[in-house]
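K.L.:
need a structure here:
(one chain, ligands or ions: 2)
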Amino acid sequence: MLLPRFWDSSISRAGFLSTRLEVATANRERLHYTHTRTRPEQALLVAVEADEHDGMWSAEDSLTELTALAQTAGALVVGSLVQRLPHPDPLTYLGKGRAQELADLEKQLHCDLVIFDDELTPTQQHTLEKMLHARVIDRTALILDIFARRALSREGRLQVELAQLEYRLPRLAGNNLALSRQGGGSRGVGAAGGAIGIRGPGETKLEVDRRRIRRRVAELREEIEQIRMQRAVQRRQRITRSMPHVAVVGYTNAGKSTLFNALTAAGVLAENKLFATLDPITRHLVLPGNQEILLSDTVGFIQKLPTHLIAAFRATLEEVLNADILLEVVDASHVNAIEQSVTVNMLLDELGAGEKPRVTVLNKVDLLDDPTDLDLTLYPNAVPVSAREGQGLEALGDMIATVLATHMGTVEVVIPFDRGDLVELFHRRGYVEHMEYQTQGTLLIGRLPRSIAAFYRPFVTTFQRELAY
Ligand SMILES: Nc1nc2c(ncn2[C@@H]2O[C@H](COP(=O)(O)OP(=O)(O)OP(=O)(O)O)[C@@H](O)[C@H]2O)c(=O)[nH]1
Ligand SMILES: [Mg+2]
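P.N.:
Ligands and ions are numbered 1, 2, ... in the order given. Below you'll find the predicted structure:
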């Protein structure tokens with residue numbers, strides 16, 4: 001079951017479709033029953049557009065994307081509302097008058113859900129929940145919900161659960177009441193030992209919920225850290241017996257997994273749904289010229305990506321940080337192809353991977369009326385491809401090999417005879433230009449990916465050391 005392990009009806013309000021899934025955990029048959037009997041949840045979408053929006057995304061494009069997200073989560077979008085405002089209102093997001101209109105519209109349309117295109121502050125969320133009859137969720141809760149249903153690996157599930165709890169904690173209702181009853185001094189902790197559910201009688205359910213969540217958050221952080229350490233060990237092992245690492249990155253639904261499958265025949269789930277991939281996967285690939293590489297498929301990016309999720313997926317995105325080069329997949333047929341690529345690059349910068357050597361895959365060219373219209377100069381090392389039709393893959397392989405080669409350093413080393421492993425690694429991952437057996441060992445002159453150059457540092461020849469000065 002893809003649900004977070006910690007789940008409590010009192011905190012399910014911020015979730016989306018959560019109640020039904022919760023039923024499912026208890027009883028699979030009932031899930032079937034509920035799914036076949038209930039109509040899709042009817043959603044009304046709401047966005048604020050600044051007069052001069054500094055971001056490149058217009059409210060309209062952003063709402064189109066929000067519609068796709070809502071549909072991915074199983075909702076039926078019945079309407080949308082855009083309000084022009086310099087900034088979202090701190091209390092009602094839309095401004096009071098307009099929020100009242102929204103309440104009327106939502107009643108008229110019999111909506112189950114109102115989805116806001118920005119992350120609502122806890123105050124906005126509480127105010128809107130009081131004004132509206134339908135459930136109030138925001139873009140973040142929606143994305144978290146999709147993630148919760150898609151995370152397959154243990155690590156992915158823990159990360160999503162952590163992000164969900166961190167998102168919910170400040171949004172639990174009734175803040176003031178709870179705070180006023182806290183800190184019961186002599187009566188409190190001592191008597192009950194501080195464990196969940198058995199503390200003093202004055203405690204509200206809300207306080208219990210909060211404490212349970214905080215404790216679970218701490219547990220999750222610890223578990224995720226452990227997995228992260230295991231991954232670091234695995235990565236170190238991979239470096240000693242492996243090859244240059246290329247990470248496939250890009251906007252959600254750009255075709256990363258389809259490309260990954262086309263290149264490696266891996267059979268990764270590729271779907272016309274946002275966030276089909278949440279867990280990274282790595283496969284071996286031989287490029288033209290017999291250069292071997294490791295290729296990793298990764299989670300997609302999206303604009304207004306919740307900060308909780310960037311932080312939570314950091315462990316996964318270490319794949320990206322450790323890559324020798326990045327393969328950015330752009331859906332060249334999308335009206336927002338440029339905005340999407342700019343968003344991806346901003347997020348890569350935020351993650352500290354913005355400076356990595358890049359190959360751009362302009363994907364889905366089969367959908368273009370005239371592929372020659374593509375402006376390849378807009379993107380670094382761009383190659384037009386149709387991952388679905390298998391077009392352009394050879395040219396892409398050549399481009400990856402070329403970019404890799406240019407990001408290799410020239411070295412001259414004498415490897416002692418008892419380090420045959422390093423000679424073998426040089427052949428496999430680098431380009432050997434000259435090899436000669438000498439009295440102290442094997443002389444190798446050639447180019448190596450910078451990621452493994454450190455292994456050869458002790459064996460650099462006097463000649464090259466002199467060159468360095
Ligand atoms: N026409 C066409 N469709 C493509 C091409 N590549 C991928 N698609 C379609 O685009 C949709 C998304 O593909 P995925 O490979 O799942 O995209 P992704 O980037 O991995 O998406 P996430 O994992 O959700 O971030 C699927 O319906 C694919 O069939 C292509 O070259 N041409
Ligand atoms: Mg994918």
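K.L.:
name the element Leu295 belongs to?
P.N.:
Assigning secondary structure by DSSP states H and E places Leu295 in strand 292-297.
K.L.:
quick one: that strand near ligand 1?
P.N.:
No - judged by Cβ under 6 Å from any ligand atom, strand 292-297 stays clear of ligand 1, getting no closer than 6.8 Å. For the C-beta atoms, the positions are set from N, CA and C on the backbone; glycine is no exception.
K.L.:
So for that strand, mean pLDDT?
P.N.:
Regarding strand 292-297, the rounded mean pLDDT is 85.
K.L.:
Sheet partners, orientation included, of that strand?
P.N.:
When sheet partners are counted by DSSP bridges, strand 292-297 sits next to strand 245-250 (parallel), strand 281-286 (antiparallel).
K.L.:
which one of the ones you listed is the most hemmed in?
P.N.:
Highest mean neighbour count among those (mean count of other Cβ atoms under 10 Å): strand 245-250, with a mean of 25.
K.L.:
so how far is it off the chain centroid?
P.N.:
Remark: strand 245-250 is offset 13 Å from the chain centroid, using Cα atoms, centre = their mean, to the nearest Å.
K.L.:
go on, stretch 101-108?
P.N.:
Here stretch 101-108 is found 34 Å from its chain centre; the criterion is Cα atoms, centre = their mean.
K.L.:
Same check on stretch 248-267?
P.N.:
Centroid separation for stretch 248-267 versus its chain: 14 Å, with Cα atoms, centre = their mean.
K.L.:
what is the mean pLDDT for it?
P.N.:
Per-residue pLDDT values over stretch 248-267 give a mean of 89.
K.L.:
Pull out the buried residues from that stretch.
P.N.:
Within stretch 248-267, the residues that qualify as buried are 248-264, counting by 16 or more other Cβ atoms under 10 Å.
K.L.:
so which of those residues also contact ligand 1?
P.N.:
With the criterion set as Cβ under 6 Å from any ligand atom, the members of those near ligand 1 are Gly250, Thr252, Asn253, Ala254, Gly255, Lys256, Ser257, Thr258.
K.L.:
could I get the strands paired with strand 292-297 as JSON lines with distance to ligand 2?
P.N.:
Listed next are the strands paired with strand 292-297 as JSON lines, based on distance: least, Cβ to the ion, whole Å:
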{"stretch": "strand 245-250", "distance to ligand 2": "9"}
{"stretch": "strand 281-286", "distance to ligand 2": "9"}
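K.L.:
since we're on Thr372, how many residues are nearby?
P.N.:
Number of residues near Thr372 (other Cβ atoms under 10 Å) recorded here: 7.
K.L.:
Tell me the secondary structure at it.
P.N.:
helix (DSSP: H, G, I helix; E, B strand; the rest coil).
K.L.:
same thing with Val82?
P.N.:
At Val82 the chain is in strand, as set by three-state DSSP.
K.L.:
Give the bridge partners for it, please.
P.N.:
Under the criterion used here (DSSP bridges), Val82 is bridged to Ala47.
K.L.:
Skip the chain neighbours and tell me the closest residue to the one residue in the stretch 201-350 of the chain that gets nearest to ligand 1.
P.N.:
Closest residue of the stretch 201-350 of the chain to ligand 1, Cβ to the nearest ligand atom: Gly300 (2.5 Å). Of all residues not flanking Gly300 in the chain, Thr252 sits nearest, at 3.1 Å (Cβ to Cβ, 6 or more residues apart in numbering).
K.L.:
Same check on Asn336?
P.N.:
Using Cβ to Cβ, 6+ apart, the nearest residue to Asn336 is Asp61, at 5.5 Å.
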